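Chemist: Whatever this is, show me its structure:
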Amino acid sequence: VNYANGNIVQQQLGLPGTNQNLTVGGNFNWELDFWGKFRRANEAALADLISTEHGLRSVQMSLISEVASSYFLLLDYRERLRVSKNTLALRDSSLNIISERFNAGIIPEIDLNQAQIQQAIAAAAIPLYKRQVAQSEHSLSILVGYNPDSVIVGFALKDQVIPKMVPPGIPSALLARRPDIMAAEQNVYSANAKVGVAVAQQFPSISLTGVLGVASNDLANFGAAGAAWSVGGDLLGPLFYFNKNKRRVEVEKAKTEQAIYAYEKTVLIAFAEVQDALIEISTLHEELDARSNYVTAALNARDLGAARYDKGVTSYLEVLQTEQSAFEAELSYAKTYRELLNAYVKFY
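Modeler: Sure thing, here's the model as predicted:
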């Protein structure tokens with residue numbers, strides 16, 4: 001604004017115009033699959049995907065087996081805790097009787113000391129199995145995705161139904177359903193397909209390239225400016241890298257051979273695991289029968305030993321031996337029972 005002769009003169013300053021430009025471009029490349037390189041690569045990728053899915057099943061089955069085994073271990077420790085408490089109750093009663101007899105001058109002090117030793121052994125077993133029960137519950141809680149806490153159980157260990165013996169004539173072809181074997185099989189397919197990819201890379205490749213670009217001076221007038229196409233070929237590249245491509249084929253063939261050996265090893269391990277589980281089941285059945293007879297005889301001998309000692313027929317040493325045998329018999333029976341249940345878990 002200028003002041004001239006008392007009049008206000010306004011001058012308008014002109015600003016240059018504003019231009020808005022937009023550019024969009026894209027480049028698309030196709031390679032003609034003359035030699036099956038991409039087809040074999042797709043086969044390899046699909047085999048890798050299926051192998052991964054079988055690997056997931058292996059992890060799931062391992063988790064299920066671990067949960068079952070951990071649950072049986074918890075029941076085993078609970079059974080041992082029960083046996084220890086019952087044994088402690090009996091030895092407390094025996095210790096009271098022995099103490100009264102010692103105070104009355106009927107028996108020597110050595111008998112009192114032996115009774116105290118046996119009572120202490122049973123008492124020490126209770127916190128041991130309490131600790132193992134708690135730790136087993138915590139491990140089982142973590143396996144099923146919960147915070148470490150106590151676990152509600154159903155039937156006791158001795159009330160768990162033991163399956164019947166494995167029937168004869170089960171076909172070995174069932175092993176083909178194991179996820180680790182199926183995963184190893186897919187690894188062979190993948191490695192073999194990658195050999196085809198390496199072979200195809202030895203041959204020239206022909207590519208089709210399309211270039212599409214649009215440009216506009218104004219966003220309001222957005223429009224296509226055209227497209228361009230080109231055809232290109234890589235004919236000499238494989239010749240310059242002939243030895244490299246040849247070695248790549250040899251490498252992939254060696255990997256395929258390794259995958260085949262890994263598959264064979266997986267199958268052999270599967271047969272061994274099944275055979276071990278079958279032997280374990282059959283022998284543990286025999287061992288459990290023997291343990292059962294051992295428990296029956298040991299409990300009867302314990303009762304007879306106590307009765308003979310009360311009547312003065314035998315020494316307290318016989319009572320100690322029969323009580324210790326009965327305690328160990330019940331604990332070993334629970335352990336064998338749990339091992340038999342786990343053997344079926346392994347077999348399945």
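Chemist: Under the pLDDT cut-off, which ranges of the stretch 51-200 of the chain? List them.
Modeler: Judged by pLDDT under 70, the stretch 51-200 of the chain has no weakly predicted residues.
Chemist: Helices of that one, start to end?
Modeler: 109-143, 179-200 (DSSP state H, counting those that start in this stretch).
Chemist: Most tightly packed of these?
Modeler: Comparing the helices of the stretch 51-200 of the chain by mean neighbour count (mean count of other C-beta atoms under 10 Å), helix 179-200 ranks first with a mean of 21. In this view, the C-beta of every residue, glycine as well, is placed from N, C-alpha and C.
Chemist: helices or strands next to that helix in the packing?
Modeler: helix 37-103, helix 242-310 (3 or more C-beta pairs under 8 Å, 6 or more residues apart in numbering; DSSP states H and E).
Chemist: thinking again about what came up before, TSV for the helices of the stretch 51-200 of the chain, including distance to R101?
Modeler: Below are those laid out as TSV (distance: least, C-beta to C-beta, whole Å):
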stretch	distance to R101
helix 109-143	8
helix 179-200	65
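Chemist: which one of the ones you listed lies closest to R308?
Modeler: helix 109-143 (14.0 Å; C-beta to C-beta).
Chemist: and the angle for the closest one with helix 242-310?
Modeler: 150 degrees (axes from the mean of the first three to the mean of the last three C-alpha atoms, to 10 degrees).
Chemist: so what does helix 109-143 touch, helix or strand wise?
Modeler: Against helix 109-143 (3+ C-beta pairs under 8 Å, 6+ apart) you get helix 37-103, helix 316-347.
Chemist: With distance to D111 and mean neighbour count as extra columns, can I get those in JSON lines?
Modeler: Formatted as JSON lines, the helices and strands packed on helix 109-143 follow (distance: least, C-beta to C-beta, whole Å; neighbours: other C-beta atoms under 10 Å):
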{"stretch": "helix 37-103", "distance to D111": "6", "mean neighbour count": "17"}
{"stretch": "helix 316-347", "distance to D111": "4", "mean neighbour count": "19"}
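Chemist: Output these in TSV, with distance to Q186 appended to each entry.
Modeler: Formatted as TSV, those follow (distance: least, C-beta to C-beta, whole Å):
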stretch	distance to Q186
helix 37-103	4
helix 316-347	25
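Chemist: And these: which comes nearest E185?
Modeler: E185 sits nearest to helix 37-103 of all these, at 8.3 Å, using C-beta to C-beta.
Chemist: Any idea how far stretch 42-56 is from the middle of the chain?
Modeler: 19 Å (C-alpha atoms, centre = their mean, to the nearest Å).
Chemist: And stretch 302-314, by the same measure?
Modeler: So, by C-alpha atoms, centre = their mean, the centroid of stretch 302-314 is 53 Å from its chain's centroid.
Chemist: For that stretch, buried residues please.
Modeler: Buried residues in stretch 302-314, defined by neighbour count with 16 or more other C-beta atoms under 10 Å: R302, G305, A306, Y309, T314.
Chemist: Next up, the contacts around T87.
Modeler: A122, A125, E323, A326, F327 (C-beta atoms under 8 Å, 6 or more residues apart in numbering).
Chemist: With Q324 instead?
Modeler: Taking C-beta under 8 Å, 6+ apart as the criterion, Q324 is in contact with Q118.
Chemist: Need the pLDDT of S325.
Modeler: S325 carries a pLDDT score of 91 in this model.
Chemist: let me redo that: L236
Modeler: Predicted confidence (pLDDT) for L236: 49.
Chemist: How about the one 4 residues further on?
Modeler: Turning to F240, the model gives it a pLDDT of 52.
Chemist: repeat for the one 5 residues further on
Modeler: The predicted local distance difference test score for N245 is 75.
Chemist: Quick check, it in contact with Q202.
Modeler: Yes: N245 is in contact with Q202 according to C-beta atoms under 8 Å; the separation is 4.5 Å.
Chemist: Distance to K164 for the helices and strands packed on helix 179-200 - can I get that in a markdown table?
Modeler: Below are the helices and strands packed on helix 179-200 laid out as a markdown table (distance: least, C-beta to C-beta, whole Å):
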| stretch | distance to K164 |
| --- | --- |
| helix 37-103 | 18 |
| helix 242-310 | 10 |
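Chemist: Out of the ones you listed, flag the one nearest A334.
Modeler: Here helix 37-103 is closest among those (C-beta to C-beta), at 4.2 Å.
Chemist: Next, the angle helix 109-143 makes with the closest one.
Modeler: Using the same axes, to 10 degrees: helix 37-103 against helix 109-143 is 160 degrees.
Chemist: Rebuild the contacts of T87 as a markdown table, extending it with distance to G105.
Modeler: Converted to a markdown table, the contacts of T87 look like this (distance: C-beta to C-beta, whole Å):
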| residue | distance to G105 |
| --- | --- |
| A122 | 27 |
| A125 | 32 |
| E323 | 24 |
| A326 | 30 |
| F327 | 30 |
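Chemist: closest to S84 among these?
Modeler: Nearest to S84 among these is A125, at 4.1 Å by C-beta to C-beta.
Chemist: Disregarding residues adjacent in the polypeptide, which is nearest to the closest one?
Modeler: S84 (4.1 Å; C-beta to C-beta, 6 or more residues apart in numbering).
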